[in-house]
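Novice: generate a structure from the sequence data that follows.
(2 chains)
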Amino acid sequence: MISIMRTIPLSIVKYIHAWWMSELILTYLHIDHNDFLMSWGGHPRHYGLLNLETHKNAIEQIPFLEGLLPAKHTEIMEFIQVGNGRTAHVHLIPFRGGTWVLLFDATAEHNRQQQLQQQLNELSILNYRQTRLLQELETVARNLQTDKQQLEEIAKNKGSLISSLSHELRTLLTSIASYSRLSEEKDHQDYVSNIKHSANHLLALIDNILDQTQLESGKVSLQANNCDPRQLLNELKAIFAPLAREKNLKFELQTTAQLPFVLVLDELRLRQILINLLNNAVKYTQCGFIRLTLGWEQGHLTFEVIDSGEGISPDALERIFLPYHRETNKQTGVGLGLAITRQLIELMNGEIRVESTLGKGTVFKGFISTASKQEQDEEEDYFPSKNITILLVEDTRSVHLLLATYLKESGYSVLSAYNGAEAVALAESEKPQIILMDMQMPVMDGYTATRTLRERHFEQPILALSASDLLEDREAAIIAGCTHYLRKPISPDILLSIIKTVLKH
Amino acid sequence: MAVIQKKICMIGDFSVGKTSLVARYVRQSFSDKYLTTVGVKIDTKSVTLPDQREAKLVLWDIAGADRLTSASMSYLRGAAGYLLVIDGTRRPTWDAALQLRQEVTKQIGEKPYILLLNKADLVEQWEINEDLISSERENGASILKTSAKLGSGVEDAFTLLTLKMLDVP
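Specialist: Here you go, the predicted model:
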């Protein structure tokens, strides 16, 4: 020890004395202002410092000094573990432009602290994992609670839906059964008419439920085609004017001057929207008027349905577009009309708003994005159906007969086929101008028949008729070669109007 | 020709894998056992630069904490760059790293650094999403995903930092 001290300046010796405790093994390095190792002593091997050479660069021999020399002021770096696992408190003391580096062994103290710190850190990580686990459990519990509430709500709505649906179906089926019995006994036109009315209502109910299901699952796609809005208004007038007359209501249909003569949009869906709105207006208006206005603003088809009915309370206004919502049990239907209406409008990139005053009436207004065709066909009302041959392919005899009758009544020549194979043969021999093709048939289905005809270069329009509104079925029909896809059951008016449009273009 | 020598500090919260990254880089080893670092562990690694120059990296593996302690401030002196390590499975270590970056800059000025998202082998347990990473990258940070366990990204991280420190294009 004394020999070591002889080579160390007095100020450094005093410094060492102040720090040195019996268990601390000392190593020292003296580095000059040029970073040369001038002398060393103690146990540098403890720290992996082997073969130290004086008068050579210290930093190259003692890498941990990189960036630390020369020391500007006394600095203590605690717990420096170098090389072979021993730990030192490193003291850097400036001396005449150079640096004295003292290493006091701190391995034992380091190991004690390491154990303590290890426990603290492990505990901290454990706490963190536990907290996260609890948070996740809470989230799962919350989600389960929400799911439970939703399931309860669905169950409640389902119960309410089944209840109201059963009531509706029962009423209509009872009516159909009663009038059928009566019409067997007496040949009374009114009874037949009532049966038709009830059956139509039944169909509308089921269509609404199917539509809502399709909308919810995103399976409704729009089929844009040319639509004459004025013609559409005439059709709506034919449906609603008699209903309004029965209730002594004034029924008005208006168009603005800007309304184009031809619009390009999904006419069937637009018709469905307007029918839903007018249906409600007629249902809830006891006296006064109902007015539908179609207009054109900034590239959008605008609509407005005003009635002088009983109105809707502000509270109820917030709920009327919810599916399966019925404000009171007195309301007929299953509460889908307005829900479907809004969803369809939104699907058509439009918007619907409602304003209402209790006792005074209600206004539903909004817009639908569409394109217009600004050419007015002067002869559009005149369309010669004579000399037009339609090949009707439908295996269900009753439906076949019904459709054939409508087509013949409208002046078309009708060729009949009851399966795909017959259709292919007739199409090739008779060259019809248009084919109405059922898709599900025995022997050969509509997809195969259409594909075969297209392969054989049959170029006339083929309109698919299908009971399915699934997107994949629609796509399959179009891929097979159908030019249009129509969903059964289809009203004769709509069918004839589509045929007219197709033949015109 | 004198060997280029550079001091690199490993910085980050505790148990993010700083020591494991160094062990993987220097000794190609990995241990699943967590051994906390007290003070600092110093290792060296010699590398050959793209221009064939030799460089010695002096790696200061500093005890992990979410803030700089007075001890770790002294360890930073002379650092040419640093690796800021985050445990991808513990979101607070991300916040700690951003805080530490500020404190390091205050202590030694702007130095080249790389943000290492470690424990990439446990990515399904990560609490750090891509949005967070993208936003930090947009702020100019170099971020690498590493796994000391598998070795992925480790060599790249040290090489990239070395090139940044030596300003190699």
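Novice: quick one: the strand or helix carrying residue A:406 to chain centroid distance?
Specialist: Residue A:406 is located in helix A:397-409, with elements delineated by DSSP states H and E. Centroid displacement of helix A:397-409 relative to its chain, using C-alpha atoms, centre = their mean, to the nearest Å, is 40 Å.
Novice: what of stretch A:20-39?
Specialist: That offset, for stretch A:20-39, works out to 73 Å (C-alpha atoms, centre = their mean).
Novice: same check on stretch B:100-113?
Specialist: 13 Å.
Novice: kindly report the same for stretch A:14-30.
Specialist: 74 Å.
Novice: if you look at that stretch, does any of it touch chain B?
Specialist: No: against chain B, stretch A:14-30 shows no contacts by C-beta under 8 Å from any C-beta of the partner chain, the least distance being 14.9 Å. The way it works is simple: take the backbone N, C-alpha and C, and place the C-beta from them, glycine included.
Novice: may I see the buried residues of that stretch?
Specialist: A:15-16, A:24-30 (16 or more other C-beta atoms under 10 Å in any protein chain shown).
Novice: let's have those in CSV, adding secondary structure and pLDDT.
Specialist: Shown next, in CSV, are these (DSSP: H, G, I helix; E, B strand; the rest coil; pLDDT from 0 to 100):
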residue, secondary structure, pLDDT
A:15, helix, 84
A:16, helix, 82
A:24, coil, 67
A:25, coil, 74
A:26, strand, 84
A:27, strand, 91
A:28, strand, 92
A:29, strand, 95
A:30, strand, 95
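Novice: where's residue 156, which helix or strand?
Specialist: Chain wasn't specified; assuming chain A. helix A:107-185.
Novice: chain B was what I was after
Specialist: helix B:154-165.
Novice: helix/strand/coil for the residue in chain A positioned nearest to chain B?
Specialist: Across chain A, no residue is closer to chain B than residue A:67, which sits at 1.6 Å (C-beta to the nearest C-beta). When classified by DSSP: H, G, I helix; E, B strand; the rest coil, residue A:67 comes out as coil.
Novice: returning to what we had before: pLDDT on the helix holding residue B:156, on average?
Specialist: Averaged over helix B:154-165, pLDDT sits at 90.
Novice: which residues sit against that helix?
Specialist: By C-beta atoms under 8 Å, 6 or more residues apart in numbering or on different chains, the surrounding residues in contact with helix B:154-165 are B:6, B:8, B:21, B:24-25, B:45, B:47, B:49-50, B:55, B:57, B:80-83, B:111-114, B:116, B:142, B:144, B:146-148, B:168.
Novice: how about stretch B:86-100?
Specialist: Contacts for stretch B:86-100 (C-beta under 8 Å, 6+ apart): A:125, A:128, B:11-13, B:15-17, B:66-68, B:84-85, B:115-120, B:122-123, B:125-128, B:132, B:136, B:145.
Novice: run the last query once more with 6 Å
Specialist: Stretch B:86-100 is contacted from outside by B:11-13, B:16, B:66, B:84, B:117-119, B:122, B:125-128, using C-beta atoms under 6 Å, 6 or more residues apart in numbering or on different chains.
Novice: and the pLDDT for residue A:146?
Specialist: 89.
Novice: does residue A:245 belong to a helix, a strand or coil?
Specialist: Going by three-state DSSP: residue A:245 is helix.
Novice: leaving out chain neighbours, which residue sits closest to it?
Specialist: For residue A:245, ignoring the flanking residues on the chain, the nearest one in space by C-beta to C-beta, 6 or more residues apart in numbering or on different chains is residue A:251 at 7.5 Å.
Novice: was I right to think the one you found contacts residue A:290?
Specialist: Yes: at 5.4 Å, residue A:251 counts as touching residue A:290 under the criterion of C-beta atoms under 6 Å.
Novice: and residue A:357, what are its bridge partners?
Specialist: Residue A:357 forms beta bridges with residue A:361, as assigned by DSSP bridges.
Novice: what count of nearby residues applies to it?
Specialist: Look at residue A:357: counted by other C-beta atoms under 10 Å in any protein chain shown, it has 12 neighbours.
Novice: neighbouring strands of the helix or strand following the helix holding residue A:406 in the sheet, and parallel or not?
Specialist: Using DSSP H and E, the next helix or strand after helix A:397-409 towards the C-terminus is strand A:413-417. Paired with strand A:413-417 in the same sheet, following DSSP bridges, are strand A:389-393 (parallel).
Novice: for the partner strand, buried residues please.
Specialist: Applying 16+ other C-beta under 10 Å to strand A:389-393 flags A:389-393 as buried.
Novice: ok, back up a step: quick one: contacts for the residue of chain A closest to chain B?
Specialist: With contacts defined as C-beta under 6 Å, 6+ apart, residue A:67 is in contact with B:7, B:78.
Novice: could you rerun that using 10 Å?
Specialist: Each residue near residue A:67 by C-beta atoms under 10 Å, 6 or more residues apart in numbering or on different chains is listed here: A:59, B:5-7, B:9, B:58, B:60, B:76-80, B:108.
Novice: ditto for residue A:319
Specialist: A:312, A:325-327, A:335, A:338.
Novice: and those, which of them are in strands?
Specialist: Of the positions in the contacts of residue A:319, not one sits in strands, assigned by DSSP state E.
Novice: inside helices: which ones of the residues you listed?
Specialist: With DSSP state H as the criterion, helices contain residue A:338 from among the contacts of residue A:319.
Novice: quick check: the residue of chain B nearest chain A.
Specialist: residue B:78 (1.6 Å).
Novice: tell me the pLDDT of the nearest residue to that residue once chain neighbours are set aside.
Specialist: Excluding its sequence neighbours, the residue lying closest to residue B:78 (C-beta to C-beta, 6+ apart) is residue A:67, at 1.6 Å. Per-residue pLDDT puts residue A:67 at 92.
Novice: which residue comes closest to residue A:289 once chain neighbours are left out?
Specialist: residue A:250 (3.9 Å).
Novice: so what's the residue count around the one you found?
Specialist: As a burial measure, residue A:250 scores 13 neighbours (other C-beta under 10 Å).
Novice: contacting residues for residue A:20?
Specialist: Going by C-beta under 10 Å, 6+ apart, the list of residues near residue A:20 reads A:1, A:13, A:26, A:102, A:104.
Novice: correction: residue A:110
Specialist: Contact analysis of residue A:110 by C-beta under 10 Å, 6+ apart lists A:78-81, A:85-89, A:117, B:38-39.
Novice: of the buried residues of stretch A:14-30, which pair is most distant in space?
Specialist: By the measure C-beta to C-beta, A:24 and A:30 form the most distant pair in those, at 18.8 Å.
Novice: before we move on, back to that, how about JSON lines for the contacts of residue A:20, with secondary structure added?
Specialist: Listed next are the contacts of residue A:20 as JSON lines, based on three-state DSSP:
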{"residue": "A:1", "secondary structure": "coil"}
{"residue": "A:13", "secondary structure": "helix"}
{"residue": "A:26", "secondary structure": "strand"}
{"residue": "A:102", "secondary structure": "strand"}
{"residue": "A:104", "secondary structure": "strand"}
